[in-house]
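**Q** missing the sequence, but the structure's below:
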């Protein structure tokens, strides 16, 4: 079992990026604004997304020659942390992570530019719950340059201009680009109020193939691995918000004449949470670095494997930490944490949904078992 | 899914039995005496066992006409609780539970009398880790009324006069009775200092068959189910000792000028333990009652099934409670709990070994899955 | 009125005869429920341990079960009483214990028949687990009290005719000593009931704003300054009800999860199987524990296990509903309905898995947080020392808030 | 002696040159280790941040790593230093901070070369987590102190020449104020070292009984009554060492469990698979956390994560070794050896799974219980309020014990 040494720290550049993103989000999308927005018709905050794109957030890991910032997936992970910390309803995961990754891995660089600049929003037409190791989807059929079929649970499709669609055709698997206008996009009611999902139906929709066969399969798989790594960064941000907010509350909320944070049982639970989150931070950094390394040299099979191991590890570990943190936040806020007016529930819903998105921890553990040679029972 | 209503309380007779057994054990086998004994050559306290047999403990569920007390497995369970609470090194599990159950279920009533009176000690020659659902063992071969082969990890074999041996012969499975003198019994070094195990080797040892074919299989299976139910009662006793002792210590041990039991984190952990133990008590009563009901009417298939469900439930639930309780006892006693001179470790070792004996919780959960129609993955 | 001459000679057969006599004159099949209940109250068969004339016969409390079973056997179980839980369970025993004869005569009967609905104005934004910290002020003005403050987590306030209300009447003494307890007319001027939306989207509870609400002194329950003691009587009666019948194996949310498992083989994984079996085991253990407690109560040996039942139930509900979402995967990302509305007796099972998950988060907060329940078990059951208190000898007004 | 004229101009290349010069005159291949270390001490290359003449050069602390790496590169890493961990890690920095010039001259060099072994007489049966409650009495008698008391959990006491010892010299003041710190000669009359048997069967630690032990006042470290402050310096240096090299994936006990899983397919069940994978994930998370901390230290940004490392490690060891026994089933019921003996540097992996399970129980007690570590994280990292203290203003002799 070998693994490269990965840089697990944040660089100064990354910390500066974090500061800009956080400042913008605190200004334009505080929890109160998110809470107001989710009750409206349009959850996705496209204006905010344009502003974020303005500071380069939409195209961080995209080479400069393709209109991106020429940074790496490590920087994307820092942004994902901040977006988790604010549960801002922007199409980062769908467009800047999944669709962009699929196009880049498919070699469809020309299609990336509009997404990287934020001019257009993209979405990857797979159910959000799909784990990286899933079989190539067959819900959509490709025939004579047109797609037919329906995909459920597509993240950020509601706001998308362009859809990247895995579809099976007579010549096997293919990855296609379709104008969103050519599909029927129907929003569904989601547990996570801040992340719209939609059913996407194709009925002979005109499509352009950007990869086929094994290349399409590999592009999709790598996009989902990248997605899993960056999702864990978002989960870390959710957990950090939950801990920070709860610690602050425990210092000021008095019961029995004392701050509730002076009760030892509360202190120990928050200490346990802090330990788990500091571990999650290391795991997330490792996953982001491994994903960045694999992206840099697509031909390095060992790097690709390390990216898979680290992404599965991150999903297996951080999903539980984020859910636990959000659940503890609700519980330790007591009654107020159970109300609609307090933002804790936005983070609880995000954390729980994220634990299902791109595969549950349970499925990632199974994947790890295969990757690190700990075979299942009965598989001798 | 149907289940009979079972009496989950202790009867007055049961409570009187408990009081006599506890009083005898407190007098003759306090933790300090057990600690001294386990360092000697003979761990099994045969004198104590004779005294316990004197108050009927060895033959509780044995009909009076077979020399027993004519009580039921419910009373046996009460005794098992007290023996767990004292980790007394007597051959109750091997002789009064497993060997006696196997002989009774095999219809070999005549062989039971000596065990029921405490005149002789019996042992069931299967590895202690065997779960009720295991395949009939083939480690020992029967040929022309003689046994050959080796069985590892046999509980109470060191003190046994009589061995009940499942063996495979030319005509299929059989249950045999063998004089211990005809076998080679070699003690092994055990994690649980208070419960001797031995390797038992047969080399053409003269044997008498008491059941064969399906009857032998069923007798062994039912003996193991009974064993699992009563073992859970022992585990409950271990957990109760751990909680009671730790609560008492937490009230008197001062650190930072306060009893450590006044610290909220300690209080909450002990409260959690108390909740788990009060649940374990209900589960154990249910398992004992179900086992008693099944024993009463061997032809009632539904009662046999309920006994299996309840025994598996009890092992799946109580194993973890006992281990947790013993681990918390060691931890909350701090340094003194880590020493040899404090008896906490005797209970830790018993609890952990009991969690493996007659199948781990994990295997009992799998068995439950089959029994209550929650099939394994991939078994559709 | 408080002595009960008939009580001593009452036994189960005598009570069964009284039930038969009542049913004889008031055929449940043809009598309006409220009218029938009024007759039952007058016959002393509402709460047999209450005094004669106040719904009871001064009989031993344990005999109530005999009466209930007898009415049940005869086919008369009153329906639609969910909204009366606070009146029947909490207000009635408090009024009995602390009410004046006039108060008992005025409130107990319509409370019992269901003519008048009650709610409870206890918790405040600043006084949750620490109820004694409450700050709703009542100031005496001649024969009336003027009340100002805000209460939260009041179920039924929007339907209630009356409330049991605890207020602060003396801020200059330590918090447990300066409270006074009232009956509050919910139709009084200055009572403003607003729905309190929960994270599920709906509003089961209310906030109640009290602005210069005038309460006659005749509606005071117990002495001035004695409110904490009166409230303790109310809260002792707030417990998990242990029903008269055993519950079947695999009830509640574990049934939902097991059903998904059995009917959706494509969702199964080995890890989820183990997780489901663990929770099945926990659920069955909790059920048997409750059944054991029920058997203890039936033979008159109530055990301390009751205090743990709610605690175990809330944890189980949270874990099972969490697993339910993971098991469903993609469907677990969905929700049924976020519409802001007041639920009317909707059962948990009728809602989506996401609702199960969210609603169960309240189980460990409402009616005593799990943290407070753990304290209670540690102190009252295990006898461990109490927390060091810094708020016992300080005037309420000087406490940090 | 405490100023370091050379310190300001020292940089990494300069230190490398000094190492080269030392190795030039003392060929490690042919020089006796103790002699070589004495020379290294004299050259100021023992602890470069110590003052000149006391094993150092007054250089920045961070440069020690440069020196260590250089010696390592040249192939000279001293061996057999396990028994010196208390002397090097805890006694030396304390003597440096609080010792007189005479004490520093007397103790530091033989401590560094390994000629003299040290142990720590801190914990007592009644003072574990609450070290400041200790009761070992030291009473002044002219120029010496007479010490009586009992210490526990002292590793190496049976091999030690000296001990760092904290005593109670004034029972009439609050506990933190009446302690005094000494160097104790372990060969002095009245020092009785007895092995302390653990639940594993062996004795890694000792009890030390002190009966009328006479300690010259010249062996006092720090002022009378200042013992708590001196002890804090000692304890700040007791921390999980973060090595200079990254650890490989799947190290420690998880490697043992994974090996069993891979080589014994007959033991596998789906539930154990999930349990093993959960712990594999936890172990890898803990490894990456430690690696991240190592990287932080390497760039001079130590984080608070260090305080959590021991805590996480003890929990993991306990859970993995518990699973190991369940995985092994029948073999998990066995043990290798209960003989009462003193272990000499036996590695965990060389012992049986039962030993792993039992020994790891000590991980959450020794060197700061997990409960105390949680308090530290909550208060020092998260800034939550401290426990309410009842023992701050009470004379030690009046505290409940």
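**A** That came through, no problem. This structure is a prediction, so every number in the text was calculated from the model and none was measured.

**Q** show me where chain A has helices.
**A** A:12-28, A:31-37, A:46-54, A:73-86, A:100-105, A:109-117, A:213-252, A:264-296, A:301-332, A:344-356, A:361-371 (DSSP state H).

**Q** need the ones you listed in TSV with distance to chain D, mean neighbour count and mean pLDDT, can you?
**A** For glycine as for every other residue, the C-beta is placed from the backbone atoms N, C-alpha and C. TSV is the format used below for the helices of chain A (distance: least, C-beta to the nearest C-beta, whole Å; neighbours: other C-beta atoms under 10 Å in any protein chain shown; pLDDT from 0 to 100):
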stretch	distance to chain D	mean neighbour count	mean pLDDT
helix A:12-28	11	16	97
helix A:31-37	21	16	96
helix A:46-54	28	18	97
helix A:73-86	14	27	98
helix A:100-105	23	28	98
helix A:109-117	30	21	95
helix A:213-252	5	24	98
helix A:264-296	4	25	97
helix A:301-332	5	25	98
helix A:344-356	14	26	98
helix A:361-371	4	23	97
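
**Q** in CSV, list these along with distance to residue C:166.
**A** Converted to CSV, the helices of chain A look like this (distance: least, C-beta to C-beta, whole Å):
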stretch, distance to residue C:166
helix A:12-28, 40
helix A:31-37, 32
helix A:46-54, 46
helix A:73-86, 40
helix A:100-105, 59
helix A:109-117, 60
helix A:213-252, 25
helix A:264-296, 26
helix A:301-332, 25
helix A:344-356, 28
helix A:361-371, 45
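
**Q** so who does the closest residue in space to residue A:77 that isn't next to it in sequence touch?
**A** When the adjacent residues along the chain are set aside, residue A:77 lies closest to residue A:288, with 3.5 Å between them (C-beta to C-beta, 6 or more residues apart in numbering or on different chains). The neighbourhood of residue A:288, defined by C-beta atoms under 8 Å, 6 or more residues apart in numbering or on different chains, consists of A:73, A:74, A:76, A:77, A:229, A:230, A:233.

**Q** how about a markdown table for these, with distance to residue C:110 added?
**A** Compiled in a markdown table, those are given as follows (distance: C-beta to C-beta, whole Å):
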| residue | distance to residue C:110 |
| --- | --- |
| A:73 | 69 |
| A:74 | 70 |
| A:76 | 66 |
| A:77 | 64 |
| A:229 | 65 |
| A:230 | 62 |
| A:233 | 60 |
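
**Q** of those, closest to residue B:111?
**A** residue A:229 (65.8 Å; C-beta to C-beta).

**Q** for the residue in the stretch 51-200 of chain A that chain B sits nearest to, give me phi and psi.
**A** Going by C-beta to the nearest C-beta, chain B is nearest to residue A:131 of the stretch 51-200 of chain A, at 15.1 Å. Residue A:131 adopts backbone torsions of phi -80, psi 160, taken as degrees, to the nearest 10.

**Q** so what's the backbone phi/psi at residue C:214?
**A** Torsion angles, degrees, to the nearest 10, at residue C:214: phi -100, psi 120.

**Q** in three-state terms, label residue C:189 for me.
**A** Per DSSP: H, G, I helix; E, B strand; the rest coil, the local secondary structure of residue C:189 is coil.

**Q** around it, how many other residues sit close by?
**A** Neighbourhood size, residue C:189 [other C-beta atoms under 10 Å in any protein chain shown]: 10.

**Q** and it, what pLDDT?
**A** At residue C:189, the model reports a pLDDT of 98.

**Q** burial count for the closest residue to chain B within the stretch 201-350 of chain C?
**A** Closest approach between the stretch 201-350 of chain C and chain B, counting by C-beta to the nearest C-beta: residue C:265, at 3.2 Å. Neighbours of residue C:265 under the rule other C-beta under 10 Å: 12.

**Q** could you measure from it over to residue A:101?
**A** 32 Å (C-beta to C-beta, to the nearest Å).

**Q** check residue A:111 too.
**A** Taken as C-beta to C-beta, the span from residue A:111 to residue A:101 is 12 Å.

**Q** likewise for residue A:32?
**A** 33 Å.

**Q** residues contacting residue A:38?
**A** A:89, A:193, A:194, A:346.

**Q** all helices of chain C, in order?
**A** Using DSSP H, helices in chain C cover C:12-25, C:33-42, C:64-73, C:85-86, C:92-98, C:101-113, C:227-236, C:253-263, C:270-298, C:306-328, C:353-360, C:370-376.

**Q** helices or strands up against the third one?
**A** Secondary-structure packing of helix C:64-73 (3 or more C-beta pairs under 8 Å, 6 or more residues apart in numbering or on different chains; DSSP states H and E): helix C:12-25.

**Q** now do the helix it packs on against helix C:33-42, angle only.
**A** 140 degrees (axes from the mean of the first three to the mean of the last three C-alpha atoms, to 10 degrees).

**Q** which positions in chain A make contact with chain B?
**A** A:263, A:264, A:265, A:266, A:267, A:268 (C-beta under 8 Å from any C-beta of the partner chain).

**Q** read off the pLDDT value for residue C:304.
**A** 69.

**Q** domains in the chain, by residue range?
**A** Just going to use chain A. A:12-120, A:140-213, A:215-371 (automatic domain parsing).

**Q** can you look at chain C instead?
**A** Split by automatic domain parsing, chain C gives C:1-79, C:118-236, C:253-366.

**Q** dump those domains to TSV, plus distance to residue D:42.
**A** Listed next are those as TSV, based on distance: least, C-beta to C-beta, whole Å:
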stretch	distance to residue D:42
domain C:1-79	89
domain C:118-236	65
domain C:253-366	61
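
**Q** what parts of the stretch 51-200 of chain A come near chain C?
**A** So far as C-beta under 8 Å from any C-beta goes, the stretch 51-200 of chain A lies against chain C at A:127, A:128, A:129, A:152, A:153, A:188, A:189, A:190, A:191, A:192, A:193, A:197.

**Q** between those, which sits nearest residue A:274?
**A** Among those, and counting by C-beta to C-beta, the member closest to residue A:274 is residue A:192, at 25.0 Å.

**Q** identify the residues contacting that closest one.
**A** A:349, A:350, A:352, A:353, A:354, C:333.

**Q** now for the residues you listed, which pair is the farthest apart?
**A** The widest separation within the contacts of residue A:192 (C-beta to C-beta) is 11.1 Å, between A:350 and C:333.

**Q** could you list the low-pLDDT ranges of the stretch 1-150 of chain C?
**A** Applying pLDDT under 70 to the stretch 1-150 of chain C flags residues C:1-8.

**Q** show me what from it comes close to chain A.
**A** C:123, C:125, C:126, C:127, C:128, C:129, C:130, C:133.

**Q** for the stretch 301-401 of chain C, same thing?
**A** Residues of the stretch 301-401 of chain C lying near chain A (C-beta under 8 Å from any C-beta): C:318, C:322, C:325-326, C:329-330, C:332-338, C:354, C:357-358, C:361-362, C:364-366, C:369-371, C:374, C:387, C:389-391, C:394, C:399-401.

**Q** these also near chain D: which ones?
**A** residue C:390.

**Q** can you select the buried ones among the residues of the stretch 301-401 of chain C next to chain A for me in PyMOL?
**A** Entered in PyMOL, the line below selects the buried ones among these, by 16 or more other C-beta atoms under 10 Å in any protein chain shown:
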select buried, chain C and resi 318+322+325+326+329+330+332+333+334+335+338+354+357+358+361+362+364+365+366+369+370+371+374+387+391+399
